[in-house]
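1. Generate a structure from the sequence data that follows.
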Amino acid sequence: HDLEEDDLFGESAPEPEADGDSLLMRFCPHDSSMLYPQEHRRSRTLRYACRLCRYSEEARGSGLIYRNVLKKEVGNVLSTVPGAVSDDPTLPRSQNASCANCGHNEAVFFQSDTGHSDTLALIFVCCNCDHKWVA
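-> Here you go, the predicted structure:
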């Protein structure tokens, strides 16, 4: 299949639209260099400008330049606690804990981040059977 001249230069192809999940790079129609985001200070609008020539165009859509997606997998906090932590002599011990697994009343405890920025959990580990729980 032979490519027509219009297909090579993209003149007949419709311009792609950016959807919510993708960001498209823009290119200068004069020298094919990449267009960079730039603030138009008088109108306080976002424009895309070429760094090699004076071409610029108004940004369409939401004006999103960059999306930094931070994903933090919040797994089971207790699965990350080693069982041998009950042997650590530097951790505080409680004699009032009640282990649901064996009924023993001594446990070590410490604070741990649960993955939520505003919540800290108190983790208990039984000194008898290494059973872990959050209080």
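
2. Show me the shaky parts of this structure.
-> With pLDDT under 70 as the threshold, the chain has low-confidence stretches at 1-23, 62-63, 65, 70-77, 113-119.

3. Quick one: the strands in it, in order.
-> For the chain, the strands identified by DSSP state E occupy 35-40, 45-50, 56-58, 93-94, 107-113, 120-126, 132-134, in order along the chain.

4. Go through these and name the closest to residue 79.
-> Checking the strands of the chain against residue 79 by C-beta to C-beta gives strand 132-134 as the closest, at 8.8 Å. For the C-beta atoms, the positions are set from N, CA and C on the backbone; glycine is no exception.

5. out of the strands of the chain, nearest to residue 85?
-> Between residue 85 and the strands of the chain, the shortest separation by C-beta to C-beta is 5.3 Å, and it involves strand 120-126.

6. Remind me what that closest one packs against, helices and strands.
-> Identification of packing neighbours for strand 120-126 by 3 or more C-beta pairs under 8 Å, 6 or more residues apart in numbering; DSSP states H and E yields strand 107-113, strand 132-134.

7. picking up where we left off before, what would the strands of the chain look like in a markdown table with distance to residue 28 and mean neighbour count?
-> Listed next are those as a markdown table, based on distance: least, C-beta to C-beta, whole Å; neighbours: other C-beta atoms under 10 Å:
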| stretch | distance to residue 28 | mean neighbour count |
| --- | --- | --- |
| strand 35-40 | 6 | 14 |
| strand 45-50 | 4 | 17 |
| strand 56-58 | 9 | 13 |
| strand 93-94 | 68 | 14 |
| strand 107-113 | 47 | 16 |
| strand 120-126 | 52 | 19 |
| strand 132-134 | 57 | 18 |
